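Colleague: Quick one, structure for this:
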Amino acid sequence: MRKYLNRKSILAFVALFIVSASLFYTSTLAEKLAQEEKKKVQNLADAIKTLNKPTSNQEETVLASFILTSNNSIPLIITTDKVQIVDFKNIDTTQTKNTPRLIRDKLGEFKEMHEPIIADWGTGRNYVYYGETFLLTQLRYYPYVQIVIIFLFLIVVIFALSASYRSLQNQVWVGLSKETAHQLGTPLSSMEGWLELMRESDPDSEAAKEMQKDLDRLKLVADRFSKVGSEPKLQEENLAERLSEIVAYMQKRSPLKVAISLHIKEREIPVNISGPLFDWVMENLIRNALDSMEGKGAIDITVTNQPQQVIIDVQDTGKGIPKYQVKKIFNPGFTTKKRGWGLGLSLSRRIIEKYHHSSIFVKQSEVGKGTTFRIVLRR
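Modeller: Here you go, the predicted structure:
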């Protein structure tokens, strides 16, 4: 249940309950008011009959006259049994020059609204057709106005919650990144010293050279973490050269049965990027692909250079991602691995979208066949 009951869903349920209760209550009130108006129209018909009776006493006549004059809200039209209009009341005819046509149109509306009140006033059968008062019309439309207000309120609340959640995420990311960079500083300095001692004892050591490369990479990782909390400066870089270096570095540190291939036509593709942070994104995608392939397979990186953008596809032959998980993989904390914090792809999206004003998404994924991530760098 916790999977489905979050803040937004609870708000939606509360709003649905309020709207349903309001609709029911307003509908009940409108029905009661409609019944009261029907009784008033019946009283009007009885009052007219009383006035037409020659045997009516003075008290009856006064009461009937009072009933007739007190109706200043219910619109009604009186017709004969041959649908000839005899009289009408409470219908505004000041806005038109063709009063007979207006009355006929209103008569059609009233016929659709209510059954007529049948009255016999001694001169033949008459029919009293009536509409609804302005108050009753407002009451019928009130729930829809309320729905719109609640909907707008929900949008504002959800937007505020989302903004608060994103702000909290940003604080967590920045704090975590700064702390990680700080914690890496001490062991890196120590490793630098031990590596220098190795060079003194064996200047041509191949192991020392490779360790220096990894140490430089760790320094670069620490530098990346330190930059997450601040706005990086984008500089023009040769994307083809950076990708070639990343592929060469990751290939040496990949299983022997995994082939990483770079498909790129141009030798120079100038783009404005933050080099260290962009490398982080690419390494993270390649590392995830390596984890999903379990020691064997292929990773193909294809670059498509276009006038307005550069498209980078990272395709692997790994386990693939189920459809129900595709929308969640960029959420902080989501991971399918036994170990890890689930921040790699979340940080990658932050770097691409916020810092580079571009986009990253899952282009295609099929369980058992692999996944393709796409980065679109806008110029």
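Colleague: and the least confident helix or strand in the chain by mean pLDDT, how far out from the chain's middle?
Modeller: Lowest by mean pLDDT, DSSP states H and E among the helices and strands of the chain is helix 58-70, with a mean of 71. Put simply, helix 58-70 sits 61 Å off its chain's centre (C-alpha atoms, centre = their mean, to the nearest Å).
Colleague: just the CA coordinates of that helix, formatted as PDB?
Modeller: The C-alpha coordinates for helix 58-70 follow below in PDB (Å, rounded to 0.1, in the frame of the first residue of the first chain):
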ATOM      1  CA  GLN A  58     -62.800  38.800   0.000                       C
ATOM      2  CA  GLU A  59     -60.300  36.900   2.200                       C
ATOM      3  CA  GLU A  60     -59.700  34.300  -0.600                       C
ATOM      4  CA  THR A  61     -59.400  37.000  -3.200                       C
ATOM      5  CA  VAL A  62     -56.800  39.000  -1.100                       C
ATOM      6  CA  LEU A  63     -54.700  35.900  -0.500                       C
ATOM      7  CA  ALA A  64     -54.800  34.900  -4.100                       C
ATOM      8  CA  SER A  65     -53.800  38.400  -5.200                       C
ATOM      9  CA  PHE A  66     -50.900  38.300  -2.700                       C
ATOM     10  CA  ILE A  67     -49.700  34.900  -4.100                       C
ATOM     11  CA  LEU A  68     -49.700  36.300  -7.600                       C
ATOM     12  CA  THR A  69     -47.900  39.500  -6.800                       C
ATOM     13  CA  SER A  70     -45.300  37.800  -4.600                       C
END
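Colleague: quick one: the strands in the stretch 1-150 of the chain?
Modeller: With DSSP state E, counting those that start in this stretch applied, the stretch 1-150 of the chain shows strands at 76-80, 85-89, 117-120, 125-130, listed in chain order.
Colleague: do the same with the stretch 201-350 of the chain
Modeller: Taking DSSP E, counting those that start in this stretch as the criterion, the stretch 201-350 of the chain carries its strands at 235-238, 257-263, 270-273, 296-305, 309-316.
Colleague: Find the one among those with the highest mean neighbour count.
Modeller: strand 309-316 (a mean of 20; mean count of other C-beta atoms under 10 Å). (C-beta placed from N, C-alpha, C; glycine too.)
Colleague: what pLDDT does residue 4 get?
Modeller: You'll see residue 4 listed with a pLDDT of 45.
Colleague: for residue 133, same thing?
Modeller: Predicted confidence (pLDDT) at residue 133: the value is 80.
Colleague: quick one: the closest residue to residue 90 other than its chain neighbours from residue 162, how far?
Modeller: Spatial nearest neighbour of residue 90, chain neighbours left out: residue 75 (4.4 Å); criterion: C-beta to C-beta, 6 or more residues apart in numbering. The spacing between residue 75 and residue 162, counted by C-beta to C-beta, to the nearest Å, is 49 Å.
Colleague: neighbour count winner among the two?
Modeller: Taking neighbours as other C-beta atoms under 10 Å, residue 75 and residue 162 compare with residue 75 leading, 19 against 12.
Colleague: so who does residue 13 touch?
Modeller: Not one residue lies near residue 13 by C-beta atoms under 8 Å, 6 or more residues apart in numbering.
Colleague: Wait, residue 356 touches residue 278, no?
Modeller: Yes - if you go by C-beta atoms under 8 Å, residue 356 and residue 278 touch, sitting 7.3 Å apart.
Colleague: out of the two, which sits in the busier spot?
Modeller: A direct count of neighbours by other C-beta under 10 Å for residue 356 and residue 278 places residue 278 higher, at 28 against 22.
Colleague: does that one really touch residue 351, like I thought?
Modeller: Yes - taking C-beta under 8 Å as the definition, residue 278 is a contact partner of residue 351 at 7.3 Å.
Colleague: Could you double-check that residue 205 sits in contact with residue 195?
Modeller: No - using C-beta under 8 Å, residue 205 is not in contact with residue 195, being 9.7 Å away.
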